[in-house]
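A.B. asks: After the sequence you'll find the predicted model.
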Amino acid sequence: MTPRRGFSFAKSRGKGSCFPVLGFILLCVLAPVVFFLARGLYAADLDYISDVPRKQVSNWREWQALQDLKSLLSEEVLNVIVSSTNDLGPFSLDNLRKNLSASWRVVGLETSNSTHELNQPTHVRQEKPKMKDGRSSDGIPLWTDSPAHETRRHLIEKRREKRAAELVKKDNVVIVKLENAAIERSKYVESAVLGKYSLWRKEIENENGDSTVRLMRDQIIMARVYLSIARMKNKVELYQELIFRLKESQRALGDIVSDADLHHSAHGKIKAMGQILSKARELLYDCKLVTGKLRAMLQTSDDRVRSLKKQSTFLSQLAAKTIPNGIHCLSMRLTIDYYLLPPGKRMFPRSENLENPSLYHYALFSDNVLAASVVVNSTITNAKDPSKHVFHIVTDKLNFGAMNMWFLLNPPGKATVHVENVDEFKWLNSSYCPVLRQLESSTMKEYYFKAGHPNTLSFGASNLKYRNPKYLSMLNHLRFYLPQVYPKLDKILFLDDDIVVQKDLTGLWDVDLNGKVNGAVETCGQSFHRFDKYLNFSNPHIARNFDPNACGWAYGMNIFDLKEWKKKDITGIYHKWQNMNEDRVLWKLGTLPPGLITFYGLTHPLDKSWHVLGLGYNPSVDRSEIDNAAVVHYNGNMKPWLEIAMTKYRSYWIKYVKYSHPYLRTCKLNE
């Protein structure tokens, strides 16, 4: 029994494993045969390939790889691959080479031919290989698209072009909307009028009111550039044409700043100039040469502007020093008439008010009759009770008779006026006053009176203003001697002669100065009009005693407590610093720097609405600030009685001038 069962088990096992055993035997027998046959074929192929050019071998291998892919992949898969690569052309290994991402390229095969081909630059236009019977010039079959694929490619390209056009159209619409919004916003921006030659001037309301003028100026600049290059390259005919067109454009433009002022023939000249410039560009354009010429022109223009600025500053300073003929005429006529008066008629009424401390006293030091009349007239016009106001006017010997005569002929209502001559203050002499002693020195005389010296103007425009004759006059320095001039008064309001009063000023006498001597409006901003602007902080005396960031304040309308002045010996402090500045090493000439030093820590800031400055130099003072100010100040060179005054501010001063007075009409002083 046992052997029988063993036989049946072996029999059944043999039936189940017959084919695997047979396959194994065949594999063992055939594998060596296949190996030796393939080796022989490969050697034969190498012998054949060695006789064929390398490029053909490469193409043949690609074709062979495609055939292998076709045999391995189904037709549906191949159709998907071909459809997805329509934009790249027929499917080929060459496309994969050209479009392969840099991150997928093989590194380290610099010596291989395939790597060399991958690194070659691709060109937009490539010459197609000649085809014959569906084969390339190398005799290798090519992959061709079916009509359906060709149609699909054309549809995709049209769809892309349509989409691109839509996007461009949308971009243009968005740009137009943004430009329109910007234009609307710009209409609400009120720009400051910076001067006649500003591009943002208000008098030209047209948005592009000078675009043609600017175009002509640009053409003239380029014509000068090409003119220089044409002369350099000996282009005589072009040189003559450029000269003719340049002179023609310059005559047409002249001093015009607005398109509205151009002659109707200007557009023809612009066109002709454009044609000759186009011709010059074709014949002469050289980037290096043109850039060099423009840079040289820019440097020359910059030097010329600097020179003109210096001349302008000098002329404006000269104009500021000059007394207009009308005012000089007025002063002479008044002086003659005053000294023709009997002595008994030269006295002012209400002289008892001059030392009454309960009244409102003003100090006005001036040699300008017309300016002083405006200060007094504007103050009295806006005062609630003129009878309580007393004006102490001090002038020089030359204008003493004129100043008296004017106020005798034009008394300020119920107010009190008193005129004094500074030359009659016997206590004001060189032994007491450092400024007078310094003005008598030879160095100061040379500084002021030797204007023809070759080194005089070489100091620069910044120093020209300090040569103004007002710094030689003691009227300018008398403000440091108020207790000596008015010993019986407790408080006094100092006024410059270039101010206009617009409101009642009696409230200033009620301001609590908190023990300070001077009440003034501060003028400093973030970094403007601070002590370091006026004083020399490189000097140890200044650096030790003052803060460079301390805020400056304005002279021109100041309320002074004369009792505190005497207690703190303000005049003595002024004398000390003035003696130290004999060589002008602490500050330059003027009265504001010594005022800042003398009243350092002794000045109480007033509300800014009391005193608005800048009407003599700043064209952009806010109109609302001027209208709300109690006093407006024409500090600067552009005084309202000069021809260089800013017309936009002159009306505030003019309305207090009595142009109907016969003396003003005789001297041709008109609005």
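C.D. replies: That came through fine.
A.B. asks: Report the rounded mean pLDDT for stretch 584-599.
C.D. replies: For stretch 584-599, the mean per-residue pLDDT is 87.
A.B. asks: okay, it in PDB with CA atoms only?
C.D. replies: Extracted in PDB, the C-alpha atoms of stretch 584-599 (Å, rounded to 0.1, in the frame of the first residue of the first chain):
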ATOM      1  CA  ARG A 584      32.100 139.800  13.200                       C
ATOM      2  CA  VAL A 585      33.100 136.300  14.300                       C
ATOM      3  CA  LEU A 586      30.000 135.500  16.400                       C
ATOM      4  CA  TRP A 587      27.400 136.700  13.800                       C
ATOM      5  CA  LYS A 588      27.200 138.900  10.800                       C
ATOM      6  CA  LEU A 589      25.800 142.400  10.800                       C
ATOM      7  CA  GLY A 590      22.200 143.000  11.600                       C
ATOM      8  CA  THR A 591      20.000 143.300  14.700                       C
ATOM      9  CA  LEU A 592      18.200 139.900  14.900                       C
ATOM     10  CA  PRO A 593      21.200 137.800  15.900                       C
ATOM     11  CA  PRO A 594      22.200 140.100  18.800                       C
ATOM     12  CA  GLY A 595      18.500 140.300  19.700                       C
ATOM     13  CA  LEU A 596      18.300 136.500  19.900                       C
ATOM     14  CA  ILE A 597      21.400 136.500  22.100                       C
ATOM     15  CA  THR A 598      20.300 139.400  24.300                       C
ATOM     16  CA  PHE A 599      16.800 138.100  24.900                       C
END
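A.B. asks: residues making contact with that stretch?
C.D. replies: Identification of contacts with stretch 584-599 by CB atoms under 8 Å, 6 or more residues apart in numbering yields 463, 466, 471, 476-477, 479-480, 517-518, 531, 534-536, 539, 541-542, 546, 550, 552-553, 555, 570, 573-574, 577-578, 580-581. Any C-beta I mention is one placed from the backbone N, CA and C, and that applies to glycine too.
A.B. asks: With stretch 603-612 instead?
C.D. replies: Residues from elsewhere that reach stretch 603-612 (CB under 8 Å, 6+ apart): 508, 511, 513-514, 516-522, 551, 553-554, 556-557, 559, 621, 625-626, 628-633.
A.B. asks: Could you identify the buried members of the residues you listed?
C.D. replies: By neighbour count, with 16 or more other CB atoms under 10 Å, the contacts of stretch 603-612 hold 508, 513, 516-521, 551, 553-554, 556-557, 559, 621, 626, 629-633 as buried.
A.B. asks: So which of those sit within helices?
C.D. replies: Among the buried ones among the contacts of stretch 603-612, the members falling in helices (DSSP state H) are I626.
A.B. asks: List of residues touching stretch 266-280?
C.D. replies: For stretch 266-280, the external contacting residues (CB under 8 Å, 6+ apart) are 212, 215-216, 219, 222-223, 226, 229-230, 238, 241-242, 245-246, 248-249, 252-253.
A.B. asks: which of those are buried?
C.D. replies: Among the contacts of stretch 266-280, those scoring as buried are 212, 216, 219, 222-223, 226, 229-230, 238, 241-242, 245-246, 249, 252-253 (criterion: 16+ other CB under 10 Å).
A.B. asks: Cross those residues against helices and list the overlap.
C.D. replies: Members of these lying in helices (criterion: DSSP H): 212, 216, 219, 222-223, 226, 229-230, 238, 241-242, 245-246, 249, 252-253.
A.B. asks: Averaged pLDDT, stretch 303-323. What do you get?
C.D. replies: In the prediction, stretch 303-323 has an average pLDDT of 77.
A.B. asks: What would it look like as CSV? C-alpha coordinates only.
C.D. replies: The C-alpha trace of stretch 303-323 is given here as CSV (Å, rounded to 0.1, in the frame of the first residue of the first chain):
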residue,chain,number,x,y,z
ASP,A,303,27.2,128.1,-14.7
ARG,A,304,25.1,130.8,-16.4
VAL,A,305,22.2,130.3,-14.1
ARG,A,306,24.6,130.6,-11.1
SER,A,307,26.0,133.8,-12.5
LEU,A,308,22.5,135.2,-13.2
LYS,A,309,21.4,134.3,-9.7
LYS,A,310,24.3,136.2,-8.2
GLN,A,311,23.6,139.2,-10.4
SER,A,312,19.9,139.0,-9.5
THR,A,313,20.7,139.0,-5.8
PHE,A,314,23.0,141.9,-6.2
LEU,A,315,20.4,143.9,-8.1
SER,A,316,17.6,143.1,-5.7
GLN,A,317,19.8,144.2,-2.8
LEU,A,318,20.6,147.4,-4.7
ALA,A,319,16.9,148.0,-5.4
ALA,A,320,16.1,147.4,-1.7
LYS,A,321,18.6,150.0,-0.7
THR,A,322,17.4,152.6,-3.1
ILE,A,323,14.8,155.2,-2.2
